[in-house]
Every structure is written in structure tokens, then in C-alpha cells.
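K.L.:
I'd like to go over a predicted model; first the sequence, then the structure.
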Amino acid sequence: MASEAVGALDAQLLDHLRARIGAEGPLTLARYIEEALLHPRFGYYATRDPLGVRGDFVTSPEISQVFGELVGLWCVDTWRRIGAPDPVMLVELGPGRGTMLADALRAARVAPGFAAAARVHLVERSRPLRAMQARTLEAASPVWHDELASVPPGPLLLFANEFLDALPVRQFVRRAGAWHERRVGIGSDGALSFVLDPMPADLILDAHEGAVREMRPGADGLARTVAHRLAAHGGAALFIDYGYFPSACGDTLQAVRRHRSAEILADPGAADLTAHVDFEAFAATATEAGARAWGPVPQGAFLGALGIEARAHKLIAHADDTQALLIRSGCRRLVDPAEMGTLFKALALTAPSAPPPAGFP
């Protein structure tokens, strides 16, 4: 979509938000994020391709093909561990351009039975990204869904990379011994601004003055949905994202535009909005709903256990000097503690009686 058209849509989103605030009062931060990212006409994901050098950010599948290949082999191994069901629902949440799933399916060819059993389902609300996924994954005959709930019943193999971080968060700020929800209103200059709800929130948590606590209702709902499916039909789910464990207070919300930090409220719809994942809260919700949680483990340790070094060496053996350099640098970025190896973590969910999945102690 041309930049002029995108700019016009961003302006329309700002007008829409101002009108909504004028009619309803300040919006919760979660509602603002949902509108900014997912509005069906004006939202960030509805109007642009956010990925790559020309976009706003790069994810692990674009850094190295090895990432998706190892996820594919993890799925094959997990499928075998749960009895090789046929069919099995192979589901990706937020598939981006389809790069990771394409790499995963290519690696999964080592097990022809898995390829025959897998029914590919993609949970994606962005129409521009769906179009890219259709081209990349045409041979897999994927079926698209707006929500996981519409994926047909059956044994589940689900994976999601940098999906949880994009789910909207609510923020609560500690003031004078009480918690008040942070909202988005309109300042005296007409610009969007943060305000605090004057009414105390029903949140029981001790913390210092000025502390910020983030909650992610969409992640809680997803954890319950996945747990119920796993308990009823079996399978496993793999979530890889950046975040923290154990739970803690902190303001982690950020806006990213053209690979740089941006103001969260300055240009709604023009930047990606994400917040770090509370892995302890997500795992606890899934466990309470009937699943078993494994991890989280650092991404570097997880990929190491799956054989990233051996896979890189095999690729380098058939690469020229330039390709070999890219393979080495890409894999190093994925596992280096100073880059993505520690901040990014992997968490798996299974049915309570399932064997431990690969990569998790």
C-alpha cells in the first residue's frame, strides 16, 4: 500500500480514537492497543507489512531458516511422542509472512507420515499478511481463522513466535497505597495522553509507590483455550517470545517504528506496540485450566538442545563464504545471551499425562 494512503488511514484512525474517547471517556490501554493494531480498516496490521528491513521489526524466522526448521523438527518429534495421530491440527498463531511455517514444513519432510497427517491452520487477522501467507504456503493448503476457537477439534500441535507480546496489555499504577488503571485520553492540546482512572482498581498486590503492573487479558483467555483443547484432545503448544519469569512489576510497553523506539501515543496505527510476556502468569493460567506447563527455558538453551549448532554446520558445508557468514551470524544472534538467547524464552504446554517435549528438562 502506498505511503500516502497509509498516512491517510493513520489520520483516520486518530480521528476515530478521538471520537471514541469523546463519546466514552478515556480508553483502557488494552482497548487503545487493540484499536491501534487491529482496527479492521485503519489498524497497524490491516494497512502494512510490518516485517523485514523495510518494515518496522525482524523476527527470528527472518534472521535464520534454522529457527523454523528446528520448530518443524520439534513438531515431528512431539507428534511421535503423542502417538502419531492422524489427522493432527498443525496451527500457527500470527504466522507473519509464513516464513517460519514454510521452513518448518520443509524440515518435517523427514517424516512423510507427519506431512500426510498435518492439517494446516493459521490464526491471522491481518488481510495483507494473509495474502503473503497464501503465496508462501500455497502447497500446504492452509485454512485461516480469526480466532483459535474456530480451528476444528482434534489433536493439536500449535506454535507461536512473538505472538503473545502483541496481545494488548492493561497497566495499573500504584498511587497513595492504591492501584489506578492507566488510560488514554485527550490532553488540553488535543493530543492523546495518558491519564489515571481516579477510581481505585480491585487489585490486591503490594508494591512501592509509582510501581506499574501489567496484565494481559487476551493471553489469559488464550492460555485457557489452549489448555482445554489439550486436555480434551491431546497434543502440545510451543510459545517463543521475549519476556520475564517470575512475574514482576514494570512498565514494558514499547512502540517500534522502522526498527527504532517510537512514542506510544504519537502516531496510532503507524508503529508496532508490544510488551514483555509474563511467562509465570501465562503458565499458571494454563495449568489451572488443565494443561501442564514446561519451562520457560532461554531461547538459546532451547535451540541448543534441538541441535542448532549441528544444523548450522550442515548448512555451512554446502554454502559459499557469504552464505556461511550469514548462517553463522544469524544463528549466533538467536542464541547469544547478549542478543536474543536469554531475553527470548520458550514455553510448552501439553496435556497433563503427555511426555516431556524436546528441549524442556
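P.N.:
Great, that's in hand.
K.L.:
Residue 290 contacts residue 226, doesn't it?
P.N.:
No. Applying CB atoms under 8 Å as the test, residue 290 and residue 226 come out as separate, 9.9 Å apart. (Each C-beta comes from the backbone N, C-alpha and C, glycine too.)
K.L.:
More neighbours: the two, which one.
P.N.:
More neighbours surround residue 226 than the other of residue 290 and residue 226, with 27 against 17 (other CB atoms under 10 Å).
K.L.:
Now do the phi/psi pair for the more buried one.
P.N.:
Main-chain torsions, residue 226, degrees, to the nearest 10: phi -60, psi -40.
K.L.:
ok, for it, nearest residue in space, not its chain neighbours?
P.N.:
Ranked by CB to CB, 6 or more residues apart in numbering and with sequence neighbours excluded, the top spatial neighbour of residue 226 is residue 237, at 5.0 Å.
K.L.:
What of residue 309?
P.N.:
Residue 309 sits nearest to residue 331 (CB to CB, 6+ apart), 7.7 Å away.
K.L.:
coming back round to it: note down every partner strand of the strand or helix carrying the residue nearest to residue 226 and its orientation.
P.N.:
Assessed by DSSP states H and E, residue 237 sits inside strand 235-244. Paired with strand 235-244 in the same sheet, following DSSP bridges, are strand 156-161 (parallel), strand 277-278 (parallel), strand 344-350 (antiparallel).
K.L.:
what about it, average pLDDT?
P.N.:
Mean pLDDT, computed over strand 235-244, is 98.
K.L.:
gap between the next helix or strand after that strand and the chain center?
P.N.:
For strand 235-244, the following helix or strand on the C-terminal side (DSSP H and E) is strand 254-257. For strand 254-257, the separation from the chain centroid amounts to 15 Å (computed by CA atoms, centre = their mean, to the nearest Å).
K.L.:
returning to that earlier point: who does the residue nearest to residue 226 bridge with?
P.N.:
So, taking DSSP bridges as the rule, residue 237 has residue 158, residue 349 as bridge partners.
K.L.:
before we move on, the earlier item: among the strands paired with strand 235-244, which is nearest residue 298?
P.N.:
Nearest to residue 298 among the strands paired with strand 235-244 is strand 344-350 (5.9 Å), distances taken as CB to CB.
K.L.:
pull the CA atoms of the closest one into PDB?
P.N.:
The C-alpha coordinates for strand 344-350 follow below in PDB (Å, rounded to 0.1, in the frame of the first residue of the first chain):
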ATOM      1  CA  PHE A 344      13.600 -14.700  24.500                       C
ATOM      2  CA  LYS A 345      12.200 -17.800  26.100                       C
ATOM      3  CA  ALA A 346      10.400 -20.900  25.100                       C
ATOM      4  CA  LEU A 347       7.400 -22.400  27.000                       C
ATOM      5  CA  ALA A 348       5.500 -25.500  26.100                       C
ATOM      6  CA  LEU A 349       2.000 -26.700  27.200                       C
ATOM      7  CA  THR A 350       0.800 -30.300  27.000                       C
END
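K.L.:
residues in contact with residue 280?
P.N.:
Neighbouring residues of residue 280 by CB atoms under 8 Å, 6 or more residues apart in numbering: 245-247.
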